[in-house]
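1. Using only what follows, build the 3D model:
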Amino acid sequence: MFLPNPSPDHRRPLDPRDLAMLGPEGAAAIGRHLASRAGHAPTPLHALPGLAAALGIGTLVVKDEGRRLGLGSFKALGGAYAVVRLVLEEASARLGRTLSDGDIADPAVRAVAGGMTFACATDGNHGRSVAQGAGLVGARSVIFVHGGVSEERVAAIARFGARMVRVPGTYDDSVKEAARVAQENGWTVVSDTSWEGYERIPGLVMQGYTAIAQEAFAQLPQAPTHVFVQAGVGGIAAAMATQMAVQYGAERPVFIVVEPELAACVFAAARSGQAVAIDHGAPTVMAMLECYEPSPIALRVLLRAADAFLTATDAQAVEAMNRLARPEGTDPAIVAGESGAAGLAGLLAALRDPAARAALKLDDRSRVFLVNTEGATDPARYAELVGLAPEVVGAVAA
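-> I've put the predicted structure just below:
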């Protein structure tokens, strides 16, 4: 399905609250944080001229988050950053002095962090980030996962020292349970989705994602004409759309939000003009994007900054994974998980829909930018979907 943005707010100036969080000041804050992180390096931007030619477009570049901070996902930028910010704010208040990212090893700061517990619900990657952030500062973490999260993903989170809680039902059920238990115990919820009265922390998570765009601006040889970014609750899409609007102004690229056909909550909200919860249906292969209600703050941004909303099928996601793993010509191979490849799946969907292709003006002059949001964070599942043996997967990833 394809939907040009019908909002009367389309391409109007961003809400000042969102610009303050996701604009230049927010991007500078995550930049300072990353400069203090051991082992941090910008993720690569891959040019894929072979695939671009095969698809009939001018150029195609992919920002590859598959090795971000040892977590293999863009979400390494969000939850951990929010945890560190919250600990430093609490420690600053208790210790009566201004603290920065370089102070997280201070024994006094770690003593404050040791009395704090951070909780979240996750499909896998966000939970690992929150757990990693808690480990960085010496805090505790309790991570809630729903019934569809694989044991491999649970084990990957637990390795960071988190206490794991399995919740029957869907991701949305785990979000509600995490909020309930955290309130009972006085824990801090670090969610990547927002609700009424709870915006600042998910805003910090989204702020972390602005680093992807900032790195890309320094790496891109030429401004893109089209940007396809996937959405679950909408956080990364909103962060990227804000950055594109700020960087390029009136000349900004056409921005397309991509979702699984089976879990298109942002699409439904854009069509209705407000946040709505959609019915739960069959699970999608794009498990990290299987969300049924958008984040209100992300939606607020996207109704202004996105130009179109698009859904992709599971078959298109699997095709996208395979096309990245088995490159055209001299293109580099890219390991993209089923949700990581969703941006390319959306591009495939748009190119095969004559109405969408015409509306978006996709042609041989188009310069398309995508984000591979995750690598093989569930290696067994990845190997199954791309038909490669685990040892081959490891070689491609290397």
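
2. where exactly do the helices run in the stretch 251-398 of the chain?
-> Using DSSP state H, counting those that start in this stretch, the helices of the stretch 251-398 of the chain run over 265-272, 296-305, 314-325, 342-351, 354-360, 379-386, 390-397.

3. need these in CSV with distance to Gly102, mean pLDDT and mean neighbour count, can you?
-> (Glycine included, C-beta is placed from N, CA and C.) Putting the helices of the stretch 251-398 of the chain into CSV (distance: least, Cβ to Cβ, whole Å; pLDDT from 0 to 100; neighbours: other Cβ atoms under 10 Å) gives the following:
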stretch, distance to Gly102, mean pLDDT, mean neighbour count
helix 265-272, 37, 96, 22
helix 296-305, 29, 96, 25
helix 314-325, 37, 96, 22
helix 342-351, 35, 98, 27
helix 354-360, 44, 97, 15
helix 379-386, 35, 85, 18
helix 390-397, 32, 52, 14
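
4. how about those in a markdown table, adding distance to Glu215?
-> A markdown table is the format used below for these (distance: least, Cβ to Cβ, whole Å):
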| stretch | distance to Glu215 |
| --- | --- |
| helix 265-272 | 24 |
| helix 296-305 | 19 |
| helix 314-325 | 19 |
| helix 342-351 | 16 |
| helix 354-360 | 25 |
| helix 379-386 | 24 |
| helix 390-397 | 20 |
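
5. Which one, of those helices, ends up nearest to Ala155?
-> Among these, the nearest to Ala155 by Cβ to Cβ is helix 379-386 (11.6 Å).

6. Alpha carbons of that closest one, in PDB - could you do that?
-> C-alpha atoms of helix 379-386 as PDB (Å, rounded to 0.1, in the frame of the first residue of the first chain):
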ATOM      1  CA  PRO A 379      21.900 -15.500  13.200                       C
ATOM      2  CA  ALA A 380      20.000 -18.800  13.000                       C
ATOM      3  CA  ARG A 381      16.900 -17.000  11.600                       C
ATOM      4  CA  TYR A 382      19.000 -15.000   9.200                       C
ATOM      5  CA  ALA A 383      20.700 -18.100   7.900                       C
ATOM      6  CA  GLU A 384      17.300 -19.700   7.400                       C
ATOM      7  CA  LEU A 385      15.900 -16.800   5.400                       C
ATOM      8  CA  VAL A 386      18.900 -16.200   3.200                       C
END
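
7. Run the chain-centre distance for it.
-> Helix 379-386 has its C-alpha centroid displaced from the chain centroid by 21 Å (Cα atoms, centre = their mean, to the nearest Å).

8. If you count contacts, what does that helix end up packed against?
-> In this structure, helix 379-386 makes packing contacts with helix 151-158, helix 314-325, helix 390-397, judged by 3 or more Cβ pairs under 8 Å, 6 or more residues apart in numbering; DSSP states H and E.

9. mind checking the SS state of Phe118?
-> Per DSSP: H, G, I helix; E, B strand; the rest coil, the local secondary structure of Phe118 is strand.

10. Hmm, Arg128 and Cys120 touching each other?
-> No: if you go by Cβ atoms under 8 Å, Cys120 and Arg128 don't touch, sitting 10.2 Å apart.

11. Residues that sit against both of these two, list them.
-> Taking Cβ atoms under 8 Å, 6 or more residues apart in numbering as the criterion, Cys120 and Arg128 both touch Gly79.

12. Looking at those two, which has the bigger crowd around it?
-> Ranked by neighbour count (other Cβ atoms under 10 Å), Cys120 and Arg128 place Cys120 first, with 33 against 29.

13. Check the more buried one and give its pLDDT.
-> Cys120 carries a pLDDT value of 95.

14. Now do the same for the lengthiest helix in the chain: mean pLDDT, whole number.
-> Longest helix in the chain by number of residues (criterion: DSSP state H): helix 200-219. Helix 200-219 shows a mean pLDDT of 97.
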